[in-house]
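> I'd like to go over a predicted model; first the sequence, then the structure.
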Amino acid sequence: MTRENRQTDDFNAQVLSDHQSLLDGTDWASLRTARGNGGFLPAALSRLLDPDPTVQTRAVGELEPVCHQNSFFEATLPAALYVAAILDHPATATVATGRQADPGSRYPLRAALLDWLGTLAYDADDECLALGERHFNGSYLDDYPEMRAFRDHRPAFYRAVSPFLDHVDTAVREAAIVAALPLIEHPALTHHRDELARRVRRLLATSINRHNRNRSLDALKSWGHDATALVTAADVAARVRHVHGGDWAGGCMDEPPF
């Protein structure tokens, strides 16, 4: 058995462990990231619970080597499980000052963590798998155990995300809904589709977030739902810009949206 498979077997796909147990019980220095081993991760992950929102914000950025260029590494799964395990921790209820187009904006850390998990989920969704299978003649996951491990743990991730699907904070609620969309592709979760579709429709009735709207509209279309009445002029304009080579907000974000 390879070290990768041994490491994967240490995590039960159906149970989300306590965050401190994950932190203390993982041999981070033995796990690969895009920039060497994961020896830096215990400190970075711990900083996600720091009382200073600025420190927390920086800590989210420090996780980039475990998902560099939309790829999965040995350290990706345990880092993602830790993030999932702290979603309901009181320390993740903080709000950080924005750093994107509107530097005065504020964004909940919990929403940023949900966005981060959602990005990983999209990088391991059925569409990405199908693309990989075409290039690897059906043996993609055999050669990519890190993605397989993440896909196997989608039920655990969904259980961590689902309590926030009706959260009072709009940013947290939308981030949870969008993160859940690729997770419920797991065969054990498809029965949640109708329930999630109702939430998606409510999101589309009120949201102006381009990324969230694109993900939601794509999901309804893939499920065979007629979302014509929910498509706005801005949605159409964004699609036109994409077709003509303009900016596209529907893809995964490289950075947390602070």
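Done, it's in. Numbers count the residues shown, from 1 in each chain.
> and D166, helix, strand or coil?
coil (DSSP: H, G, I helix; E, B strand; the rest coil).
> neighbours of it, just the number please.
Neighbour count for D166, taken as other Cβ atoms under 10 Å: 12. In short, each C-beta sits where N, CA and C put it, glycine included.
> the one 5 residues further on now?
Close neighbours of A171, defined as other Cβ under 10 Å, add up to 20.
> same deal with V200?
28.
> other SSEs contacting the helix or strand hosting it?
Using DSSP states H and E, V200 maps to helix 193-206. Counting contacts by 3 or more Cβ pairs under 8 Å, 6 or more residues apart in numbering; DSSP states H and E, helix 193-206 packs against helix 170-183, helix 210-222.
> which of those helices has the highest mean neighbour count?
Highest mean neighbour count among the helices and strands packed on helix 193-206 (mean count of other Cβ atoms under 10 Å): helix 170-183, with a mean of 25.
> tell me which residues touch H191, please.
If you count contacts by Cβ atoms under 8 Å, 6 or more residues apart in numbering, H191 has none.
> let me see the mean pLDDT of stretch 208-219.
Taken as a whole, stretch 208-219 has a mean pLDDT of 95.
> hmm, who's touching it?
Stretch 208-219 has contacts (Cβ under 8 Å, 6+ apart) with 122, 174-175, 177-178, 181, 197, 200, 203-204, 207, 227, 230-232, 234-235, 238, 249-250, 253.
> how close does the residue nearest to K221 when sequence neighbours are not counted get to S207?
On the basis of Cβ to Cβ, 6 or more residues apart in numbering, the spatially nearest residue to K221 that is not a chain neighbour turns out to be A227, at 6.6 Å. To S207, A227 is 13 Å away according to Cβ to Cβ, to the nearest Å.
> could you do D24 as well?
According to Cβ to Cβ, D24 and S207 sit 39 Å apart.
> follow-up on the earlier one: residues contacting the helix holding V200, please?
Outside helix 193-206, the residues that reach it (Cβ under 8 Å, 6+ apart) are 165-166, 173-174, 177, 180-181, 184, 212-213, 216-217, 219-220, 223, 225, 227, 230.
> the inter-axis angle of that helix versus helix 210-222?
Using axes from the mean of the first three to the mean of the last three Cα atoms, to 10 degrees, the direction of helix 193-206 lies 140 degrees away from that of helix 210-222.
> and helix 193-206, which residues are buried?
L196, A197, R199, V200, L203, L204 (16 or more other Cβ atoms under 10 Å).
> redo the residues you listed as JSON lines? Include distance to P78.
JSON lines is the format used below for the buried residues of helix 193-206 (distance: Cβ to Cβ, whole Å):
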{"residue": "L196", "distance to P78": "27"}
{"residue": "A197", "distance to P78": "32"}
{"residue": "R199", "distance to P78": "29"}
{"residue": "V200", "distance to P78": "30"}
{"residue": "L203", "distance to P78": "31"}
{"residue": "L204", "distance to P78": "35"}
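> any chance of the residues you listed in a markdown table, with pLDDT too?
Shown next, in a markdown table, are these (pLDDT from 0 to 100):
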| residue | pLDDT |
| --- | --- |
| L196 | 98 |
| A197 | 97 |
| R199 | 98 |
| V200 | 98 |
| L203 | 98 |
| L204 | 97 |
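> with respect to P108, which of those residues is nearest?
L203 (16.3 Å; Cβ to Cβ).
> from H225, how far off is the closest one?
In terms of Cβ to Cβ, L203 sits 13 Å off from H225.
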